[in-house]
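> Next comes the sequence, and after it the predicted model I'd like to discuss.
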Amino acid sequence: MIRICSIDNCNKKHKAKGFCYTHYIRFHKHGDPLFKEDPEIIRKRRSESHKGQTAWNKGKTGIYSEETKKKMSVSQFKKGMTPHNKGKKATVEEKKKISEAMNRPEVKKKLSKSKMGIKNPMYGKPSHNRGKSPSSETRKKISESLKKIVKIYSKEERDRMSKRMKEWHENHVHPRKGLKDTPETFKKKSLAQRGKKKSKEHIAKIALANTGRVANHQTRAKISAARAKQKFPYRDTKIELLTQSILEENNIPFKKHRNYKLSESNHQADITIEPDKIIEVNGDYWHFNPKIYHAESTQKLRDKSILAKEKWAYDKYIIDEMKYLGFKVLVVWESELKDELDKTTKKILKFAKS
């Protein structure tokens, strides 16, 4: 009968003094077969013992065959094995060491090459989230994580990362290049952005990104055609509503905000009375009423400084172009509707019925 270790739950073969080899060594060294040394002390002792030594395989390549490499790789991920660091959190110092090691240029280059082309496990496979839109909770988590990144990294580091991403995109084809959103997707995106106000910082970033960009004729034509379908402003002004009510009370049919193609731009007429009449209802501030503003006075219009006479010149260009297209044009000022409503009403009706 084979003699086994005298320690409870140890079924190893007996070596000496009633103990197996492991328990005998502990008894011999420390006087206690159940003595367990702190793993951290063991790790440090081993580390100290290897300092100054050169690894036997340093600088050598082709030592292991492909079959051996495969076996070594599989052995690291055996089913049922628990990782040594499971449930343990790395300290700040350990995280710093890992980060420094991973950010070395030679390490980054090796990692990049190891995952290029066919070597990449996702090569030729569709993305796991392709066609799926993240939930509101997921989007919130992504937003919070990005905010943390902004706090962690300095402005210089973020600029460097941005530059690196731009360089990558220049050398790689974007996965969505050549793909167009379906009408349904486009509509969803449009509805998602509707009513959202962009911050001043966001608007400034967009303006800075577009500075110096010159759109080609085809792009400008598309933008112009898209804007022609939009209504400016989004809601009718009070003076426009007042003018419309005057026409409605007198059973005069009209169309509002109809788009017209002029020689150099598009224009949406405030009120069109078919077949050949147009009424432009001008706000005293937005069109710089000549009775209130001086020609050489500088005014703010949509965050831009402009001379009153420049705005008058543009308004004259629109009226001249509309007349060239065969329309009769009547300009009604805000102050006329407020101060002389009866007189202005008669003028509007006389023009509409003529």
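Good, I have the coordinates.

> quick one: the helix-or-strand element of the chain with minimal mean pLDDT to chain centroid distance?
Across the helices and strands of the chain, mean confidence by mean pLDDT, DSSP states H and E is lowest for helix 66-75: a mean of 76. Centroid separation for helix 66-75 versus its chain: 42 Å, with CA atoms, centre = their mean, to the nearest Å.

> same thing with stretch 148-162?
Per CA atoms, centre = their mean, the centroid offset for stretch 148-162 relative to its chain is 15 Å.

> now what about it, what contacts it?
Outside of stretch 148-162, no residue comes within contact range by CB atoms under 8 Å, 6 or more residues apart in numbering. Where C-beta positions appear, they are placed from N, C-alpha and C, glycine not excepted.

> And the helix or strand where Lys316 lies, what does it pack against?
Using DSSP states H and E, Lys316 sits in helix 308-324. Counting contacts by 3 or more CB pairs under 8 Å, 6 or more residues apart in numbering; DSSP states H and E, helix 308-324 is packed against strand 266-273, strand 277-282, strand 298-301, strand 328-333.

> Give me the mean pLDDT for that helix.
For helix 308-324, mean pLDDT is 92.

> List the buried residues in that helix.
Residues Ala308, Lys311, Trp312, Ile318, Ile319, Glu321, Met322 are the ones in helix 308-324 that count as buried (16 or more other CB atoms under 10 Å).

> In this structure the third one contacts Pro290, no?
This means Trp312. Yes. The pair Trp312 / Pro290 is scored as a contact, 7.0 Å apart, by CB atoms under 8 Å.

> Other residues contacting the helix or strand Lys222 falls within?
In the assignment (DSSP H and E), Lys222 maps to helix 217-228. By CB under 8 Å, 6+ apart, the surrounding residues in contact with helix 217-228 are Ala215, Asn259, Lys261, Ser265, Asn266.

> can you do 10 Å?
With contacts defined as CB atoms under 10 Å, 6 or more residues apart in numbering, helix 217-228 is touched by Arg213, Val214, Ala215, Asn216, Asn259, Tyr260, Lys261, Ser265, Asn266, His267, Gln268.

> For ChimeraX, write a command that selects the buried ones of the residues you listed.
Here is the ChimeraX selection string for the buried members of the contacts of helix 217-228, based on 16+ other CB under 10 Å:
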select :260,267,268
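
> Might one say that Glu249 is in contact with Thr243?
No. Counting by CB atoms under 10 Å, Thr243 is not a contact partner of Glu249; they are 11.1 Å apart.
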